[in-house]
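Peer 1: fold the following and give me the result.
(one chain, ligands or ions: 2)
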Amino acid sequence: MEVATRPLIAERILQIEESATLAMAQKSRELQKKGIDIINLSIGEPDFFVPQFIKEAAIRAIEENYSFYPPVAGFPELREAIAKKLLRDNNLVYSPDQIVVSNGAKQAIANAFFAILDPGDEVIIPAPYWVSYTELVKLAGGVPVIINSSIENEFKIFPEQIEEAITSRTRAFIFSSPNNPSGLVYSKEELKEFAQVFAKYPDIYILSDEIYELINFKGKTTSIAEFEEIHKQVIVINGLSKAFAMPGWRIGYSASNPVVAKAIQKVQGQMTSGANTIGQRAAIAALEQDPEASPDLQKMIKAFQERRDYLVQKLIEIEEMIPNHPDGAFYVFPNVELLYGKSLDGFTILNDNDVCMYLLNEAHVALVPGSSFGSPGYIRFSYATSMENLQKAMERIEKALKKLH
Ligand code: PMP
Ligand code: GLU
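Peer 2: Ligands and ions are numbered 1, 2, ... in the order given. This is a model prediction of the structure:
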């Protein structure tokens with residue numbers, strides 16, 4: 001019998017990591033299934049239900065037989081609703097044909113990388129970053145170039161750092177504001193400074209991931225696409241998973257210059273033929289409502305803010321974890337290096353992975369290590385869970401940490 005000499009799967013796949021956020025969520029589900037009472041603070045998805053008027057729009061879509069293939073880029077009414085939303089909420093002028101609706105913002109980002117990256121092209125990514133940015137860049141043949149930040153500056157990066165990271169191979173820069181996992185929100189002035197750098201490099205794209213746009217406790221989020229000098233270089237990414245509590249409905253979108261939008265459409269036409277029709281019809285209803293007049297959204301933001309305040313305060317009280325002060329999204333990203341070297345029953349904590357493993361086994365609380373976000377030494381708490389769960393989780397964590405010596 002002949003023996004295979006090649007690995008069973010492609011090198012491209014061997015080079016990428018599994019999504020750490022989804023892997024931890026899966027691990028929690030498996031432990032829960034075994035009867036272990038895990039509190040899952042790993043995945044970033046709102047614990048709220050989809051607002052009733054959005055559900056009704058989906059039910060109507062089923063009854064009206066929206067069961068056929070949609071146009072690849074999305075229903076014209078949805079692309080129109082997105083264009084209006086971008087103008088109403090973000091001061092951005094896009095025509096519907098610049099918008100492509102995808103299976104979540106994740107696919108919108110993947111599409112964009114496939115549309116703009118040639119092999120070896122570099123993509124600058126400030127750390128901490130959302131786990132999928134680096135892996136999607138690699139999948140599309142690109143090379144992630146990481147720039148670091150520090151908790152002392154609330155994980156902000158500065159324009160000089162971007163300038164220093166730019167080479168002749170730089171093709172794109174990707175960031176999120178509000179940020180996952182740090183919750184950092186850039187001000188308009190700070191984004192203007194970034195825009196001034198990119199204006200000097202018209203071949204560089206800026207992927208502006210605005211999925212947490214509406215979960216901002218400081219007020220309105222600015223889009224970097226607002227700055228006229230770089231507007232054509234920006235690919236705006238957004239979706240309905242967070243502010244509309246629709247992560248399982250898988251609706252996201254991109255807005256970009258017409259040439260890129262066409263290329264994104266071409267990629268998507270081969271990959272998925274477009275996003276699910278029921279979710280798209282529901283998204284029209286969701287986006288037509290002004291978020292400032294949405295009681296569901298305002299209730300959710302208030303709850304997130306209370307939980308943020310509680311969690312940060314609690315982490316300040318736990319001396320071994322030093323929290324940041326997030327202004328948006330629903331995460332806190334504390335430093336945990338003071339726990340290194342501590343042990344229990346022969347298990348010694350050496351890094352952020354060990355902190356998460358220890359807290360999973362000893363406190364039954366699921367968290368995600370900072371290394372997965374490019375920032376070792378930190379761990380991510382998602383507070384997209386009830387206050388009751390959060391309080392219970394923090395009691396368990398305090399108890400587990402007291403056992404260490
Ligand atoms: N960007 C960021 C920063 C995220 O946290 C998420 C969450 N999954 C996404 C994009 C993708 O969201 P989705 O695919 O559910 O729209
Ligand atoms: N974005 C969320 C998170 O960071 C959802 C999971 C994922 O797609 O990564 O936890």
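Peer 1: wait, does whatever helix or strand residue 21 lives in make contact with ligand 2?
Peer 2: Per DSSP states H and E: residue 21 is located in helix 20-33. Yes. For helix 20-33, a contact with ligand 2 is found by Cβ under 6 Å from any ligand atom, at 21-22. The C-beta positions use only the backbone N, C-alpha and C, and glycine is treated the same way.
Peer 1: is ligand 1 within reach of that helix?
Peer 2: No. Using Cβ under 6 Å from any ligand atom, helix 20-33 stays clear of ligand 1, coming no nearer than 7.2 Å.
Peer 1: and that helix, what does it pack against?
Peer 2: strand 39-40, helix 352-362, strand 365-366, strand 368-369 (3 or more Cβ pairs under 8 Å, 6 or more residues apart in numbering; DSSP states H and E).
Peer 1: in it, what counts as buried?
Peer 2: Buried positions in helix 20-33, judged by neighbour count with 16 or more other Cβ atoms under 10 Å: 20-21, 24-25, 28, 31.
Peer 1: could you dump these to TSV with pLDDT?
Peer 2: Output for the buried residues of helix 20-33, formatted as TSV (pLDDT from 0 to 100):
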residue	pLDDT
20	88
21	89
24	87
25	88
28	88
31	90
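Peer 1: name the SS class of the closest residue to ligand 2 within the stretch 51-200 of the chain, please.
Peer 2: When scored by Cβ to the nearest ligand atom, the stretch 51-200 of the chain has residue 180 as its residue closest to ligand 2, at 5.3 Å. Under DSSP: H, G, I helix; E, B strand; the rest coil, the three-state class of residue 180 is coil.
Peer 1: thought it was touching residue 333?
Peer 2: No. Using Cβ atoms under 8 Å, residue 180 is not in contact with residue 333; the gap is 9.3 Å.
Peer 1: okay, strands next: where are they in this protein?
Peer 2: Counting by DSSP state E, the segments of the chain that form strands are 39-40, 99-102, 122-126, 143-147, 170-176, 205-209, 234-239, 252-255, 331-332, 343-344, 347-348, 365-366, 368-369, 379-382.
Peer 1: out of those, which comes closest to residue 405?
Peer 2: strand 343-344 (6.7 Å; Cβ to Cβ).
Peer 1: now that closest one: mean pLDDT?
Peer 2: The average of the pLDDT scores along strand 343-344 is 96.
Peer 1: please apply the same query to stretch 225-242.
Peer 2: 98.
Peer 1: start to end distance for it?
Peer 2: Terminal residues of stretch 225-242 lie 21 Å apart, using Cα to Cα, to the nearest Å.
Peer 1: least trustworthy helix or strand in the protein by mean pLDDT?
Peer 2: helix 20-33 (a mean of 89; mean pLDDT, DSSP states H and E).
Peer 1: and the biggest helix by length in the chain, what's its mean pLDDT?
Peer 2: Determined from DSSP state H, the single longest helix within the chain is helix 295-317. In this model, helix 295-317 has an average pLDDT of 96.
Peer 1: got the buried residues for it?
Peer 2: Applying 16+ other Cβ under 10 Å to helix 295-317 flags 296-297, 300-301, 303-305, 307-308, 311-312, 314-315 as buried.
Peer 1: quick one: which of those is nearest ligand 2?
Peer 2: The nearest one, if we look at these relative to ligand 2 and count by Cβ to the nearest ligand atom, is residue 304, at 14.3 Å.
Peer 1: relative to ligand 1, how far out is that closest one?
Peer 2: 14 Å (Cβ to the nearest ligand atom, to the nearest Å).
Peer 1: in CSV, list the C-alpha atoms belonging to stretch 155-162.
Peer 2: Extracted in CSV, the C-alpha atoms of stretch 155-162 (Å, rounded to 0.1, in the frame of the first residue of the first chain):
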residue,chain,number,x,y,z
PHE,A,155,-4.2,50.6,24.6
LYS,A,156,-4.1,53.6,22.3
ILE,A,157,-1.6,53.6,19.4
PHE,A,158,-0.1,56.8,18.0
PRO,A,159,0.3,58.1,14.4
GLU,A,160,4.1,57.9,14.6
GLN,A,161,3.8,54.1,15.2
ILE,A,162,1.7,53.7,12.1
